[in-house]
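> Sequence first, then the predicted structure, then my questions.
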Amino acid sequence: MSDVTRILSAIEHGDPHAAEQLLPLVYDELRKLAAQKLVQEKPGQTLEATALVHEAYLRLVGDQQFANRHHFFAAAAQAMRRILVESARRKQIMPRVELEGLEPAVKADDQRLLQLHDALEQLAGTEPMAAKVVEARVFAGLSMEETAAALGLSRATAYREWTFARAWLATALANNFEKN
């Protein structure tokens, strides 16, 4: 059992000091994930990796319970996605929408991020696992192996879900672009 899994278990069992032990263990890894995404961001980006990590961590260490380290990082991907979407909605900037690839989401302009979020919500309604794979890959920057481990999938299944989700989302985003 990893230290992170042990501490998550202690948090679940009500240890008041366990949350204090968790942040130092996961902070660097979360910061690296956020920094990888934001390093390619255009100049003037108001959301920084540190702020993204802190906000995600604050959302994670509450009433939520995590089965293990992988579950925690999958939840972190989802939290980062929500933060980015909320930030984009607050700005409500309507720049030109590019329909190239899905990665990285953090590099996308606000309107594209909102469109991706809406399409991902639709996908989650019919194919929830495919949506979770996209969250892990696009919003947390996890590799295919890390995504598979975080979601308890084989690498082949994670890859199939990723391939399906990318095609589905590309179509949904293209249709959304045509409507606007």
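On my side now, so go ahead. All values reported here derive from a predicted model rather than from experimental measurement.

> Need the three-state assignment for Leu142.
Taking DSSP: H, G, I helix; E, B strand; the rest coil as the rule, one finds Leu142 in the coil state.

> Spit out the contact partners of the spatially closest residue to Arg155 that is not a sequence neighbour.
Leaving aside its sequence neighbours, Arg155 sits nearest to Ala148 (Cβ to Cβ, 6 or more residues apart in numbering; 4.7 Å). Placement of C-beta: from N, CA and C, glycine included. By Cβ atoms under 8 Å, 6 or more residues apart in numbering, the contact set of Ala148 is Ser154, Arg155, Thr157, Ala158.

> repeat that with 7 Å
Ser154, Arg155, Ala158 (Cβ atoms under 7 Å, 6 or more residues apart in numbering).

> ok, and the closest non-adjacent residue to the first one?
If the residues on either side of it in the chain are set aside, Ser154 comes closest to Ala148, at 6.3 Å by Cβ to Cβ, 6+ apart.

> Could you say which helix or strand holds that neighbour?
Using DSSP states H and E, Ala148 sits in helix 144-151.

> how about the CA coordinates for that helix, as CSV?
Output of helix 144-151 as CSV, limited to C-alpha atoms (Å, rounded to 0.1, in the frame of the first residue of the first chain):
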residue,chain,number,x,y,z
MET,A,144,-2.6,6.1,-21.3
GLU,A,145,-1.0,3.8,-18.7
GLU,A,146,-1.7,6.2,-15.8
THR,A,147,-5.3,6.6,-17.1
ALA,A,148,-5.9,2.9,-17.3
ALA,A,149,-4.5,2.4,-13.7
ALA,A,150,-6.5,5.3,-12.3
LEU,A,151,-9.8,4.0,-13.8
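
> hmm, back to that, mind checking which of the contacts of Ala148 are buried?
Ala158 (16 or more other Cβ atoms under 10 Å).

> just the contacts of Ala148 now: which is nearest Arg137?
Closest to Arg137 out of the contacts of Ala148 is Ala158 (8.8 Å), distances taken as Cβ to Cβ.

> quick one: the closest one from Thr147, how far?
5 Å (Cβ to Cβ, to the nearest Å).

> So what touches the strand or helix carrying Leu58?
Here Leu58, judged by DSSP H and E, is contained in helix 49-60. If you take Cβ under 7 Å, 6+ apart as the criterion, helix 49-60 is touched by Leu23, Tyr27, Leu30, Arg31, Ala34, Ala35, Leu38, Ala75, Ala76, Ala79, Met80, Ile83.

> returning to that earlier point: could you give the mean pLDDT of the helix holding Ala148?
Taken as a whole, helix 144-151 carries a mean pLDDT of 89.

> just checking, next helix/strand downstream of it?
helix 155-179.

> how far does that next one sit from the chain's center?
Here helix 155-179 is found 16 Å from its chain centre; the criterion is Cα atoms, centre = their mean, to the nearest Å.
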